[in-house]
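S.K.: build the 3D model from these lines:
(one chain, ligands or ions: 1)
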Amino acid sequence: MSEQSAATAVSEEEAVRFTSELIRIDTTNTGDPSTVVGERMAAEWVAEQLSDVGFETTYVESGAKGRGNVVARLAGEDSGRGALLVHGHLDVVPADASEWSVHPFSGAVQDGYVWGRGAVDMKDMVGMTLATARRLKRDGVVPKRDLIFAFVADEEAGGEYGAQWLVENRPELFEGATEAISEVGGFSITVKDGVRAYVVETAEKGIAWLKLRARGRAGHGSMVHEDNAVTKLTQAVARLGTHRFPLVLTDSVREFLAAMTELTGMRFDEEDLDGTVAKLGGVARMVGATLRDTANPTMLSGGYKANVIPSVAEAVVDCRVLPGREEAFLRELDDILGPDIEREYITHLPAVETTFDGALVDHMADSITAEDPGARTIPYMLSGGTDAKSFQQLGIRCFGFAPLRLPADLDFSALFHGVDERVPVDALKFGTRVLDRFLRTC
Ligand SMILES: [Zn+2]
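M.R.: Okay, here's the model as predicted:
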């Protein structure tokens, strides 16, 4: 075995082991800060792996006890060139062990997979990033540009105690960063026998969680009553929940569909885009939600006794808005709700969109094809949200690029926050090789 391939083997082995060890540190984020468990332990563990090979690390607790974040830098040849930020979150969503075939915090490595909560979201990428950073340091590599590695808390609850806090309070940690890579992109979808496309996230819908409120006259439930808050609210919620927002093709989605046409010969008829996209199989769920804005009612409350008409009723709606649609969306929303409904934001995070071009995008393609010849990298839009929403506020172009070569029959998008979340060991090794090449040359 050459020295080079021995070093690669060490790095691949570390990526698998790190992913498993990180899963064993329970970093459940319920959204309630008082229940936070392992973020500090995970951050300290990550810092240890980095300082082990000579990195100087900065440990920051973001606004509350235990919300650990770690940042480290590897100086490049030309620090005048913008730095590349590689960021990953350490927290995970809750998991109910009774539903799983292995314990969700076991990090079991079996049947060719690493199993557990966080295996794809996103302790896999954190493991690969750590292994790669360590190898670059051990090999004494001076990359082309500065690399900033950031491992952060609280992504699963919007980053208030993680990325968003760091952006607002410690922006100097990211000084000089012009571009970033992180989760929910870079994985393969098999478009036909043996032909893979790697989807790179270039856009994210915005998040608007809205509280709706109707007011009426309180009164006795036995009376004739024309001004009922519950009735007004539920009518508005029903109108919104069944409303279909217009189809809008953003650049990311248009480019994705064009690439899929090239690769598969499938035509995406604008007259029946939902129908054609549905034929894409596993990817359909992902892409289908990026064709239009959505507004899903998720919570309802009002009243306290069967025979008392309350003066107030409230609902929560989870709205996801396409880049550039914010104003038009609100106009349409207000039309549907009507003048009697008040609304306020609970969470309001902007959409993200960048173009799929430039040297960094070329390096992504080259690093992928070096390991998977014949593959294509194509852009896509994520309907959900990531820490990119925070980092873009620093003027950073954000991409989802956490490379994984996946088996054709794996329903990958279902594993995010899903039961039996797991990542193929081979995919982790593949991703580590891709990331290594990418970070050396980008
Ligand atoms: Zn995530």
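S.K.: look at whatever residue of the stretch 251-400 of the chain ends up closest to the ion and give its secondary structure.
M.R.: Using Cβ to the ion, the point where the stretch 251-400 of the chain gets nearest to the ion is residue 386, with a distance of 6.0 Å. Every residue, glycine included, has its C-beta placed from N, CA and C. Following DSSP: H, G, I helix; E, B strand; the rest coil, we place residue 386 in the coil state.
S.K.: got the contact list for it?
M.R.: Contact partners of residue 386, counting by Cβ atoms under 8 Å, 6 or more residues apart in numbering, are 155, 182-184, 201, 204, 400.
S.K.: so which bits of the protein are right by the ion?
M.R.: Within the chain, the residues that sit near the ion (Cβ under 5 Å from the ion) are 121-122, 183.
S.K.: let's see it at 8 Å
M.R.: 89, 121-122, 155-156, 183-184, 386, 416 (Cβ under 8 Å from the ion).
S.K.: could you dump those residues to a markdown table with secondary structure and pLDDT?
M.R.: Conversion of the residues of the chain next to the ion to a markdown table gives the following (DSSP: H, G, I helix; E, B strand; the rest coil; pLDDT from 0 to 100):
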| residue | secondary structure | pLDDT |
| --- | --- | --- |
| 89 | strand | 98 |
| 121 | coil | 97 |
| 122 | coil | 97 |
| 155 | helix | 96 |
| 156 | helix | 94 |
| 183 | coil | 96 |
| 184 | coil | 94 |
| 386 | coil | 95 |
| 416 | coil | 91 |
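S.K.: mark which of those are buried, thanks.
M.R.: 89, 121-122, 155-156, 183-184, 386 (16 or more other Cβ atoms under 10 Å).
S.K.: closest one of these to residue 226?
M.R.: Nearest to residue 226 among these: residue 156, at 44.2 Å, using Cβ to Cβ.
S.K.: off-centre distance for the one helix or strand residue 252 maps to?
M.R.: If you go by DSSP states H and E, residue 252 is part of helix 251-264. What separates the centre of helix 251-264 from the centre of its chain is 21 Å, taken as Cα atoms, centre = their mean, to the nearest Å.
S.K.: cool, stretch 241-249 as well?
M.R.: 23 Å.
S.K.: what residue lies at the spatial centre of the protein?
M.R.: Most central in the chain under Cα atoms, centre = their mean is residue 386, positioned 3.8 Å from the mean C-alpha point.
S.K.: picking up where we left off before, now the two most distant members of the buried ones among the residues of the chain next to the ion.
M.R.: The widest separation within these (Cβ to Cβ) is 12.8 Å, between 156 and 184.
S.K.: helix/strand/coil for residue 245?
M.R.: coil.
S.K.: now do the contacts for it.
M.R.: So residue 245 contacts 292-295, 329, 332 (Cβ under 8 Å, 6+ apart).
S.K.: tell me the two of the residues you listed that are most distant?
M.R.: For the contacts of residue 245, and using Cβ to Cβ, no pair is farther apart than 294 and 332, which are 12.1 Å apart.
S.K.: these two: who's more crowded?
M.R.: Between residue 294 and residue 332, counted using other Cβ atoms under 10 Å, the more crowded position is residue 294 (20 against 17).
S.K.: return the backbone torsion pair for that one.
M.R.: phi -130, psi 150 (degrees, to the nearest 10).
S.K.: where along the stretch 301-442 of the chain do the strands fall?
M.R.: Under the criterion DSSP state E, counting those that start in this stretch, the stretch 301-442 of the chain contains strands at 308-309, 312-321, 341-349, 352-353, 376-382, 397-400, 422-424.
S.K.: between the second one and strand 341-349, how many degrees?
M.R.: Just to be clear, that refers to strand 312-321. Counting by axes from the mean of the first three to the mean of the last three Cα atoms, to 10 degrees, strand 312-321 lies at 40 degrees to strand 341-349.
S.K.: is the residue lying closest to residue 175 once chain neighbours are set aside bridged to anything, and to what?
M.R.: Leaving aside its sequence neighbours, residue 175 sits nearest to residue 83 (Cβ to Cβ, 6 or more residues apart in numbering; 7.8 Å). Listed by DSSP bridges, the beta-bridge partners for residue 83 are residue 177.
S.K.: again with residue 297
M.R.: Beta-bridge partners, per DSSP bridges, of residue 297: residue 317.
S.K.: number of residues surrounding it?
M.R.: Residue 297 has 19 neighbours, counted by other Cβ under 10 Å.
S.K.: equivalent analysis for residue 433, please.
M.R.: Residue 433, neighbours per other Cβ under 10 Å, totals 20.
S.K.: report the separation between the closest residue to it other than its chain neighbours and residue 199.
M.R.: Distances taken as Cβ to Cβ, 6+ apart put residue 371 closest to residue 433, at 5.5 Å, once the chain neighbours are dropped. With distances taken as Cβ to Cβ, to the nearest Å, residue 371 is found 16 Å from residue 199.
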